[in-house]
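Q: Fold the following, please.
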Amino acid sequence: MSLLKKPQPSESKNPGESKSSTNPRQKKGPTPSRKQQEARNYQGLLGVDKKIAKERAREESRRRYEREQEGLRTGREDLLPYQHRGQARRMTRDFIDSRYSFAEFMLVTMLVLMALSLIAVSILNRQDTELAQKVNTWTLFGSYAVLILGMLDGGIIAGRAHRQCVKRLGLENIPRGLRWYAFTRAIMIRRWRSPKPQVARGKAAKQQQNSR
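A: Sure thing, here's the model as predicted:
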């Protein structure tokens, strides 16, 4: 009789586990709260805003650079960089640009002397070493002489420009560092000066200003 007994069914799995394993819509994690979702959206918008802000800043910087370059080219007061603005600085530039001076040729003269010295020494070293040393010494002294004379001339011109500005505008309207501003422009070749000269060489700056 035991042989005819029906086999007992095996124990079934936990119904809850079976359902969860076969449910295709099972959640992978907890549902984010509204606050968390808003924070994620804000971070996304913030990243976009930063990119747009960087592009705008880059574009504004490029436009500002172009305006300043035009100001340096044309001398327009409203386009010049801040360090070149003001009536005193303009008057100083015109005073220096309207005159010939030894100071503006100082750097070029020194470079020419140094180049000639190198060429002469390289040639004379093959023939007369003693003469080459003398040429080198003379060139060195000449360069120092040009440097000293150029610095003195630049200082004198800067002082004259400063006095003229004080006389016409008053000491209270003179910005700090005007002498140094005038000196650095005086020792620079006219072609390399910035802002570009706006007065003709050899004419009094006062006459040029009155004719504008």
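Q: For the rest of this, base every contact and every neighbour count on C-alpha atoms.
A: Will do.
Q: give me the element the spatially most central residue of the chain is part of.
A: Per Cα atoms, centre = their mean, the C-alpha nearest to the average position across the chain is that of residue 65, at 9.4 Å. Following DSSP states H and E, one finds residue 65 within helix 34-74.
Q: now swap in residue 114 and tell me
A: helix 106-124.
Q: What of residue 149?
A: Going by DSSP H and E, residue 149 is in helix 129-169.
Q: Next, the angle from that helix to helix 106-124.
A: For helix 129-169 against helix 106-124, the angle between stretch directions is 180 degrees (axes from the mean of the first three to the mean of the last three Cα atoms, to 10 degrees).
Q: Determine the next helix or strand in the C-terminal direction from helix 129-169.
A: That would be, after helix 129-169 and using DSSP H and E, helix 178-186.
Q: In that next one, which residues are buried?
A: Residues 178, 179, 181, 182, 183, 184, 185, 186 are the ones in helix 178-186 that count as buried (16 or more other Cα atoms under 10 Å).
Q: Output those residues in a markdown table, with distance to residue 79 appended to each entry.
A: Output for the buried residues of helix 178-186, formatted as a markdown table (distance: Cα to Cα, whole Å):
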| residue | distance to residue 79 |
| --- | --- |
| 178 | 20 |
| 179 | 23 |
| 181 | 19 |
| 182 | 20 |
| 183 | 23 |
| 184 | 21 |
| 185 | 20 |
| 186 | 23 |
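Q: Could you break the protein into its assigned domains?
A: Following automatic domain parsing, one finds the domains of the chain at 40-85, 87-211.
Q: For residue 31, which of the ones you listed is the nearest?
A: domain 40-85 (13.6 Å; Cα to Cα).
Q: Distance from the closest one to the middle of the chain?
A: 13 Å (Cα atoms, centre = their mean, to the nearest Å).
Q: next one: stretch 104-122
A: The answer for stretch 104-122 is 30 Å, by Cα atoms, centre = their mean.
Q: what comes up buried for that stretch?
A: Neighbour counts over stretch 104-122 (16+ other Cα under 10 Å) mark 104, 105, 106, 107, 109, 110, 113, 114, 117, 120, 121 as buried.
Q: which among these gets closest to residue 195?
A: Nearest member of those to residue 195, counting by Cα to Cα, is residue 104, at 15.4 Å.
Q: quick one: contacts for the closest one?
A: Taking Cα atoms under 8 Å, 6 or more residues apart in numbering, we find residue 104 in contact with 150, 154, 186, 187, 188, 189, 190.
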